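Chemist: sharing a model that was predicted from the sequence below.
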2 protein chains.
Amino acid sequence: MLEESVKRELRAIVGDKYYKDDNETLVTHSYDGTPMLQSLPDGVIYPGSTQEVSDIVKVLAKHRIPIVSRGSGTNLCGGTVPTEGGIVMVMHRMNRILEVDLENLTAIVQPGLNTKEFITHVEELGLFYPPDPSSMAISTIGGNIAECSGGLRGLKYGTTKDYVIGLEAVLASGEIIRTGGKLMKDVAGYDLTKLLVGSEGTLAIITEATLKLIPPPKYKKTMLAMYTDIYGAARTVSKIIENRIIPATLEFLDNPTIRVVDDFAKLGLPLDMAAILLIEQDGAEESAVERDIALITRICEEEKAAQVSVAQNQDEALKLLTARRSAFTALARLRPTTILEDATVPRSKIADMVLEINRIAQKYNVQICTFGHAGDGNLHPTATTDARDPEEIHRVEEAFAEIFEAAIELGGTITGEHGVGLVKAPYLEWKVGKAGIDVMRGIKQAFDPNNLLNPGKMFARETRKRVVIQRG
Amino acid sequence: MLEESVKRELRAIVGDKYYKDDNETLVTHSYDGTPMLQSLPDGVIYPGSTQEVSDIVKVLAKHRIPIVSRGSGTNLCGGTVPTEGGIVMVMHRMNRILEVDLENLTAIVQPGLNTKEFITHVEELGLFYPPDPSSMAISTIGGNIAECSGGLRGLKYGTTKDYVIGLEAVLASGEIIRTGGKLMKDVAGYDLTKLLVGSEGTLAIITEATLKLIPPPKYKKTMLAMYTDIYGAARTVSKIIENRIIPATLEFLDNPTIRVVDDFAKLGLPLDMAAILLIEQDGAEESAVERDIALITRICEEEKAAQVSVAQNQDEALKLLTARRSAFTALARLRPTTILEDATVPRSKIADMVLEINRIAQKYNVQICTFGHAGDGNLHPTATTDARDPEEIHRVEEAFAEIFEAAIELGGTITGEHGVGLVKAPYLEWKVGKAGIDVMRGIKQAFDPNNLLNPGKMFARETRKRVVIQRG
């Protein structure tokens, strides 16, 4: 509980309306998109400007009160659960597009802006902002920046990091810094912009972002390839890239995912397929797109795809993409608890990784559906389970630990786009090593010496013991 | 001077042949590509492996001896001048391409690898590594990473930062860290990879890099547009981007640069033009490239280009590009000392910036030729002067200080691709502010608490007083 005097200070900054600590508000800000995690904050504050953010941080720093800044909380790593209490700072009031600069192809936005609203707005202006996390209808740009969100277009167009070229942020001291700018190149000192992207609210609170926009591709084609052999699908992914084609989207769905997605979206997909690839190519010229799609079709056929179909129009393509985006939602209907992970491997290792996931699921007797961004090696093994069954949950956790270990053994990482947060913190050392953790802790210490910005995230009290994979 | 016992320790690591402290070696490693800077190291060491680098760093850390790691020293910011003595570590022995992975489109290389050799090698394999600093015939990949080198293709393809996806590096403690990997996505902790790119040898010594490769564009066209009005050229730059065309190259040369380049490369350029734009477009389809070139031609004509010509073949195009790359060399023939800067502005501000540079050159009565990467707002105002004339050098320095101030006033930065090093350190605070400097110092402290890695770079003892620009 905050002292009354602190509350008075906070209310003086934002007004009575924008500081809340009634039970309903506290409870609704005690969790995020991640299952099985909940912790009550002491208060929730809604700043309206950078200056207010700075003033709030100064008050909280003085009293050593933790601050968890957040947007819509769609993250899947427990990144915005206020595990150490304190204040949740919701950025939703700071949700404006401040500028779209058509001469420089840049936009300046506030962090609370809804991702899809922004994408739609720039598309209406004939421009393109590629990062498209599946949560984009709900998520905010600030949240995307905090987590370095990816999405379906990451393979060809990169992730949030590649489009953030300038930031305004409030430091743990309350000071305001500005990094980068409307500049395609800037090497004045360490790259604080890219360091803050993906720093999960642990280094500073982002209050404004300058984003790079690009001309949209003029043509687009979407296709599906279905396989009775899962490894044919995986080999297709590798072969497409080997053939020097970088598709805009190259998504993978395994059989359990196909079944639930089809049940949810009523697409009439064949339910006996082991895997489906959803592939999209775009470009400046129709003939180039057609040529790529033809070559991809040939590769699919060489890899014994049972069926290959090209969407006949944009409606049909959109339906397929929307179905893929709904995979998480569809899977969530199966059982009470859905745990979605994002172990990521070099794209040539997709087949090996799928094999490992299936072996591990069987070993621990848990249900894991796998889908994801095959083109960039970013798979989403998703466990459907029940939080009320601790014994099963334990098996699920053991299975995921082994999946992370398998990903690292294949040259991969514990998280490709979801972030570390609370959930992956015990595994971070597996990827970055003891020396890597020490360096990261040093950076955290330099930015936030009193550990007030999103404390408890990224760095675990204890690293989990590594799994020794024993194969049969 | 190093103590004999330290030399013995170093020789024991690399062998007698690879530690040198004869006068010739010390003098040849006392300077880099930057004029008017020289400082003798105490010794020069040539490690042959990551383990040797680690062992060397441990010895030097124990004795608190500064370490300046370097490649070919082509940088223009005094980044590798050993101003505080100590050991210069030359990475030239670690110059191998360890792997080109055709399935993942990645390469693993050692830092001492020559940039052009690498580019040529991957091109022979049908792949593309875009960063192409003008120094690439001499520079090393490690040096490019330390400085986050740009080049002529940065506008469309980005800079070194965009292609480094994994690093191995030796910390100030001698510990070895590995960041990233053959992964298109990795959000496991802070992005140490991007933080180390452009950190100018002040945070760690890079010993290996994993680089992203892309499929090469299939078609390419090169053109020249010549203007009697310099602002017509600058407006053309803005209008091309506004028209949603991102050319592969969009270079600007002013009249003095045209004259010296033509004299050097014998191209028969018209010497009465105020400015020339060198434009290149590439793409997957000939018709798309042709369409862009046609639209660019129309824009050039609308902006009253006196002459527009499209290169008829690849030889002619190459000649033009090579001439542009030779601008620095050509200008260096004019007078004994050439000081090349890289103030960078939003691309819409190119015309304003050129106007400011000319006004400032006149004010201080110095000769400044301007050329550079207009498409990304990265200009290279280049003073031809004489280091032996302290009064003139003083005026040149005053002029550049005012140019940096002008760039910042236009929303730009003090350096787009050359780095801070020694030369820009007194100006860094102008761009990043006091709070920004403090954060950067904190990061430096976290990585290198005893300030042994390239000390004296990036952070100045004193920030230069800001210039008040008085116009009219």
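Modeler: Perfect, thanks for sending it.
Chemist: alpha carbons only for contacts and neighbour counts from here, please
Modeler: Will do.
Chemist: give me the domain ranges for chain A.
Modeler: Under automatic domain parsing, the residue ranges defining each domain of chain A are A:1-216+A:438-464, A:219-327, A:331-437.
Chemist: which other residues reach the lowest-mean-pLDDT helix or strand in chain A?
Modeler: Lowest by mean pLDDT, DSSP states H and E among the helices and strands of chain A is helix A:314-325, with a mean of 83. Helix A:314-325 is contacted by residues A:Ser134, A:Lys221, A:Thr222, A:Met223, A:Val261, A:Asp262, A:Ala265, A:Leu278, A:Ala311 when judged by CA atoms under 8 Å, 6 or more residues apart in numbering or on different chains.
Chemist: ok, stretch A:122-131 next?
Modeler: With CA under 8 Å, 6+ apart as the test, stretch A:122-131 has contacts from A:100, A:119, A:149-154, A:157-160, A:163, A:212-216.
Chemist: ok, and which of these reach chain B?
Modeler: With the criterion set as CA under 8 Å from any CA of the partner chain, the members of the contacts of stretch A:122-131 near chain B are A:Gly150, A:Gly158, A:Thr159, A:Ile214, A:Pro215.
Chemist: the closest residue to the first one other than its chain neighbours - how many residues pack around it?
Modeler: Once its chain neighbours are removed from consideration, A:Gly150 has its nearest residue in A:Thr159; the separation is 4.6 Å (CA to CA, 6 or more residues apart in numbering or on different chains). With neighbours defined by other CA atoms under 10 Å in any protein chain shown, the count for A:Thr159 comes to 25.
Chemist: what pLDDT does the model give A:Thr159?
Modeler: In this prediction, A:Thr159 carries a pLDDT score of 97.
Chemist: repeat for the one 5 residues further on
Modeler: The model reports A:Val164 with a pLDDT of 98.
Chemist: residues in contact with it?
Modeler: Residues in contact with A:Val164 (CA under 8 Å, 6+ apart) are A:Ile145, A:Thr193, A:Lys194, A:Val197, A:Ala209, A:Thr210, A:Leu211, A:Lys212.
Chemist: who are the contact partners of the first one?
Modeler: Contacts here follow CA under 8 Å, 6+ apart; on that basis A:Ile145 touches A:Thr160, A:Lys161, A:Val164, A:Leu196, A:Val197, A:Gly198.
Chemist: out of these, who's nearest A:Ile205?
Modeler: Proximity of the contacts of A:Ile145 to A:Ile205 (CA to CA) peaks at A:Leu196, which lies at 9.0 Å.
Chemist: what about the strands in the stretch 201-350 of chain A?
Modeler: Assigned strands in the stretch 201-350 of chain A, in chain order: A:205-212, A:219-227, A:249-254, A:275-283, A:307-310, A:337-340 (criterion: DSSP state E, counting those that start in this stretch).
Chemist: same for the last one, what does it pack against?
Modeler: Judged by 3 or more CA pairs under 8 Å, 6 or more residues apart in numbering or on different chains; DSSP states H and E, strand A:337-340 is in contact with helix A:327-332, strand A:378-385.
Chemist: if I look at A:Thr228, how far off is B:Asp21?
Modeler: Between A:Thr228 and B:Asp21 the distance is 67 Å, computed by CA to CA, to the nearest Å.
Chemist: ok, now A:Ile13?
Modeler: Distance, A:Ile13 to B:Asp21, by CA to CA: 63 Å.
Chemist: likewise A:Glu397?
Modeler: Using CA to CA, A:Glu397 is found at 58 Å from B:Asp21.
Chemist: what of A:Gly442?
Modeler: Separation of A:Gly442 from B:Asp21 (CA to CA): 35 Å.
Chemist: same thing with A:His63?
Modeler: Distance, A:His63 to B:Asp21, using CA to CA: 56 Å.
Chemist: okay, these two: which has more neighbours?
Modeler: Neighbours were counted for A:His63 and for B:Asp21 using other CA under 10 Å; B:Asp21 has more, 17 against 12.
Chemist: okay, now A:Ala311: neighbour count?
Modeler: Counted with other CA under 10 Å, residues neighbouring A:Ala311 total 16.
Chemist: okay, it: pLDDT?
Modeler: pLDDT, A:Ala311: 89.
Chemist: next: A:Arg471.
Modeler: In this prediction, A:Arg471 carries a pLDDT score of 61.
Chemist: can you pull the contacts of the closest residue to chain B within the stretch 101-250 of chain A?
Modeler: With CA to the nearest CA as the measure, A:Asp186 is the residue of the stretch 101-250 of chain A nearest to chain B, at 4.3 Å. By CA under 8 Å, 6+ apart, A:Asp186 lies in contact with A:Gly180, B:Thr344, B:Thr413, B:Thr415, B:Gly416, B:Glu417.
Chemist: and it, that's in a strand?
Modeler: No: under the criterion used here (DSSP: H, G, I helix; E, B strand; the rest coil), A:Asp186 is coil, not part of a strand.
Chemist: tell me how far A:Cys77 lies from chain B.
Modeler: 11 Å (CA to the nearest CA, to the nearest Å).
Chemist: is it correct that that residue is in contact with A:Gly419?
Modeler: Yes: under the criterion of CA atoms under 8 Å, A:Cys77 makes contact with A:Gly419 at 6.1 Å.
Chemist: neighbour count winner among these two?
Modeler: The residue with more neighbours, out of A:Cys77 and A:Gly419, is A:Gly419; 31 against 27, by other CA under 10 Å.
Chemist: roughly how far does that one sit from chain B?
Modeler: 5 Å.
Chemist: tell me the secondary structure for that residue?
Modeler: Strictly by three-state DSSP, A:Gly419 counts as coil.
Chemist: now do it, the pLDDT please.
Modeler: On pLDDT, A:Gly419 comes in at 97.
Chemist: just checking, what packs against the helix or strand hosting A:Met353?
Modeler: Per DSSP states H and E: A:Met353 is located in helix A:350-363. Applying 3+ CA pairs under 8 Å, 6+ apart, we find helix A:350-363 packed against helix A:230-242, strand A:368-373, helix A:390-409.
Chemist: for it, the averaged confidence score.
Modeler: Mean predicted lDDT for helix A:350-363 stands at 93.
Chemist: gap between A:Arg324 and A:Ala305?
Modeler: A:Arg324 sits 19 Å away from A:Ala305, taking CA to CA as the criterion.
Chemist: actually A:Lys319, sorry about that
Modeler: Separation of A:Lys319 from A:Ala305 (CA to CA): 21 Å.
Chemist: can I get the helices and strands packed on helix A:350-363 in CSV including mean neighbour count?
Modeler: Converted to CSV, these look like this (neighbours: other CA atoms under 10 Å in any protein chain shown):
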stretch, mean neighbour count
helix A:230-242, 22
strand A:368-373, 26
helix A:390-409, 19
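Chemist: mind putting these in CSV, distance to chain B and mean pLDDT included?
Modeler: Formatted as CSV, the helices and strands packed on helix A:350-363 follow (distance: least, CA to the nearest CA, whole Å; pLDDT from 0 to 100):
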stretch, distance to chain B, mean pLDDT
helix A:230-242, 5, 91
strand A:368-373, 10, 93
helix A:390-409, 10, 97
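Chemist: I appreciate the help and will end here.
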